[in-house]
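>>> give me a 3D structure for the following:
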Amino acid sequence: MYCAVYSRIENQVNRMKYLSIKEICDAAEKEGIKISELCLRDQAEQMQKSEEEIYAIMEKNFDVMVDAVKKGNDPDLRSTSGLTGGEGNKMLQYAEKTGGGLSGIFLTKAIGRAMCVSNCNAAMGRIVATPTAGSCGILPGCLVSMYEDKGLPKRDIVMSIFTAGAFGMVIAQTASIAGAEGGCQAECGSASGMAAAALVELMGGSPAASGDALGMAIINQMGLVCDPVAGLVEIPCVKRNVSGVMIAFSSADMALAGIDLKIPVDECIAAMKSVGDTMSVNLKETSQGGLAATPTGIALRKKVFGE
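Next up is the predicted model:
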């Protein structure tokens with residue numbers, strides 16, 4: 001069962017009055033408030049509900065993320081196809097055994113959590129599609145780690161999802177968040193940018209810095225194709241969630257360090273759309289190109305579907 005942030009607050013975010021990241025950042029900067037506070041207030045007004053009612057909906061989404069990590073951490077959990085399962089558990093075990101491997105304990109556990117959520121999704125578990133099922137591990141991998149390992153207050157974590165959601169809706173309205181339209185850059189690229197923006201806010205960065213973090217994540221995944229083996233959200237999707245987490249953290253750090261994006265974030269989003277529009281249909285979720293069209297990819301498809 002899928003439980004997407006966008007389906008849960010669709011009535012809210014569809015009424016957003018902001019059509020660009022710059023508009024959102026400028027509005028928050030002008031009022032001296034966080035993007036999440038701006039978004040929560042606006043959505044409460046649009047929905048004619050209290051801010052606490054809207055917050056409670058988002059808190060439930062975060063609880064689903066935490067639960068998805070736990071379910072996906074089952075070493076015996078396998079996808080319905082049998083192609084994936086246990087990757088997240090292996091990474092978390094590796095993190096503990098090696099003290100964090102090459103990337104350090106925090107990041108190694110973060111990517112382990114991301115894979116756990118992707119494993120949960122592949123096994124038809126309940127997840128939050130942020131913004132899609134194929135990229136569902138990226139935001140939880142980042143935020144659950146900030147909550148459980150960095151000890152940030154739950155309310156701050158939940159509020160940061162409003163920032164991620166607001167930015168995600170701008171991408172959805174002005175470009176695409178669908179692999180079938182824009183390739184994986186539209187899914188994992190958008191998810192990574194949304195997570196980066198949320199991380200910047202959590203670390204006390206400015207609204208403008210959140211916008212830069214989003215842009216940095218997008219430019220580092222621009223052109224990424226969507227080539228699911230056997231047409232399933234498993235190979236290479238589970239592992240691409242890992243790179244999305246790493247790019248989210250590095251993009252957030254670059255923005256917090258004051259490194260300029262150079263190309264305005266809204267132009268980065270427009271460029272991503274342009275790239276997606278010119279991308280071959282074989283590389284947009286049709287499983288006709290990329291890894292899906294390799295000899296092994298074809299063999300796995302036949303194994304799953306008995307062709």
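>>> give me the number of residues near E59?
17 (other CB atoms under 10 Å). Where you see a C-beta, it was placed from the backbone N, CA and C, and this is true even at glycine.
>>> check it and give its pLDDT.
Per-residue pLDDT puts E59 at 98.
>>> I'd guessed it sits against V158; true?
Yes. With contact defined as CB atoms under 8 Å, E59 reaches V158; the gap is 4.9 Å.
>>> how long is stretch 183-193 end to end?
15 Å (CA to CA, to the nearest Å).
>>> should've said stretch 283-292
End to end - CA to CA - stretch 283-292 spans 9 Å.
>>> tell me how far that stretch lies from the chain's centre.
A distance of 21 Å separates the centroid of the chain from that of stretch 283-292, by CA atoms, centre = their mean, to the nearest Å.
>>> give me the contact list for it.
178-183, 225-231, 235-236, 276, 280-282, 293, 297-298, 301 (CB atoms under 8 Å, 6 or more residues apart in numbering).
>>> can I get the buried part of these as one PyMOL selection?
Buried residues within the contacts of stretch 283-292, by 16 or more other CB atoms under 10 Å, are selected in PyMOL with:
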select buried, resi 178+179+181+182+183+225+226+227+228+229+230+235+236+276+293+297+301
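>>> please point out which parts of stretch 153-169 sit buried.
156-169.
>>> hang on, I meant stretch 17-29
For stretch 17-29, a neighbour-count test (16+ other CB under 10 Å) marks 18, 20-22, 24-25, 27-28 as buried.
>>> may I have that stretch as CSV, with CA atoms only?
The C-alpha trace of stretch 17-29 is given here as CSV (Å, rounded to 0.1, in the frame of the first residue of the first chain):
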residue,chain,number,x,y,z
LYS,A,17,0.3,30.3,-4.8
TYR,A,18,4.0,30.0,-5.5
LEU,A,19,5.2,29.0,-9.0
SER,A,20,8.9,29.2,-8.5
ILE,A,21,11.5,28.4,-5.8
LYS,A,22,12.6,32.0,-5.8
GLU,A,23,9.1,33.2,-4.9
ILE,A,24,9.0,30.8,-2.0
CYS,A,25,12.5,31.8,-0.7
ASP,A,26,11.8,35.5,-1.2
ALA,A,27,8.5,35.3,0.7
ALA,A,28,10.1,33.5,3.6
GLU,A,29,13.1,35.8,3.7
